[in-house]
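>>> got a structure for you, letters missing:
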């Protein structure tokens, strides 16, 4: 009985120690990106957060109740391929622009709040995707054929500590 009690106390101590370790050094939310980057598309400029890591891309704009005017999130991928996005846990309506590796906007699609249906790019060579408020592209007269300023993307990647060459830039 005494050894069983000692074992339970030892296990409790280990669990308590592990919990205290986590409390002292909280886990960082890798998908939270705080810095806003100016990004030019055609003649328009907006401020974006870059979603670069898999965790950042997975979280995207989930749980955000609003997205400021002239703000968005740019998803940056290492290579161009077909892309798909859905709106799990995203309560705001958005538009998404799909861009080729050379920065050309190929298509703009609607995204609906909390929609679990994947919105896929029609183009097979998409490296960047930009989520913005529903009217941003129209209000700024940005249409397919406009170009994302890749120098802005390169600068943002460097500021975040990423090597632009890893993204073909």
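Alright, I've got the coordinates. Predicted model only: the values in this text are computed from it and were never measured. Numbers count the residues shown, from 1 in each chain.

>>> Helices along the protein, start to end?
Secondary structure of the chain by DSSP state H: the helices cover 2-24, 54-59, 136-139, 150-159.

>>> Mean pLDDT lowest where, among these?
Lowest mean pLDDT of these: helix 2-24, a mean of 37.

>>> what residue is smack in the middle of the chain?
residue 51 (3.1 Å; Cα atoms, centre = their mean).

>>> and that one, how far is that from residue 61?
Using Cβ to Cβ, to the nearest Å, residue 51 is found at 9 Å from residue 61. Any C-beta I mention is one placed from the backbone N, CA and C, and that applies to glycine too.

>>> Could you give me the buried positions within stretch 116-135?
119, 121, 123, 125, 126, 127, 128, 129, 130, 131, 132, 133 (16 or more other Cβ atoms under 10 Å).

>>> wait, stretch 50-69
In stretch 50-69, counting by 16+ other Cβ under 10 Å, buried: 50, 51, 52, 56, 57, 59, 60, 61, 67.

>>> Which of those sits closest to residue 168?
Nearest to residue 168 out of these is residue 52 (Cβ to Cβ; 13.4 Å).

>>> Excluding chain neighbours, what is closest to that closest one?
By the measure of Cβ to Cβ, 6 or more residues apart in numbering, the closest residue to residue 52 outside its immediate chain neighbours is residue 76, 5.0 Å from it.

>>> What's opposite the one you found in the beta bridge?
residue 128 (DSSP bridges).

>>> tell me the contacts of it?
Residue 76 is in contact with 50, 51, 52, 127, 128, 153, 157, 167, counting by Cβ atoms under 8 Å, 6 or more residues apart in numbering.

>>> pLDDT at it, what is it?
98.

>>> next one: the one 4 residues further on
pLDDT for residue 80: 97.

>>> Roughly how far does it sit from residue 129?
In terms of Cβ to Cβ, residue 80 sits 11 Å off from residue 129.

>>> now swap in residue 94 and tell me
From residue 94 to residue 129 the distance is 11 Å (Cβ to Cβ).

>>> Check residue 118 too.
Residue 118 is 12 Å from residue 129, by Cβ to Cβ.

>>> Pull up the overlap in contacts between these two.
residue 85.

>>> anything in contact with each of residue 51 and residue 61?
residue 73.

>>> right, and residue 74 touches residue 48 too?
Yes. With contacts counted by Cβ atoms under 8 Å, residue 74 reaches residue 48, the gap being 4.5 Å.

>>> what touches both of those two?
Common contacts of residue 74 and residue 48 (Cβ under 8 Å, 6+ apart): 37, 39, 130, 156.

>>> From these, pick the one nearest residue 163.
Using Cβ to Cβ, the shared contacts of residue 74 and residue 48 come closest to residue 163 at residue 156, 12.7 Å.
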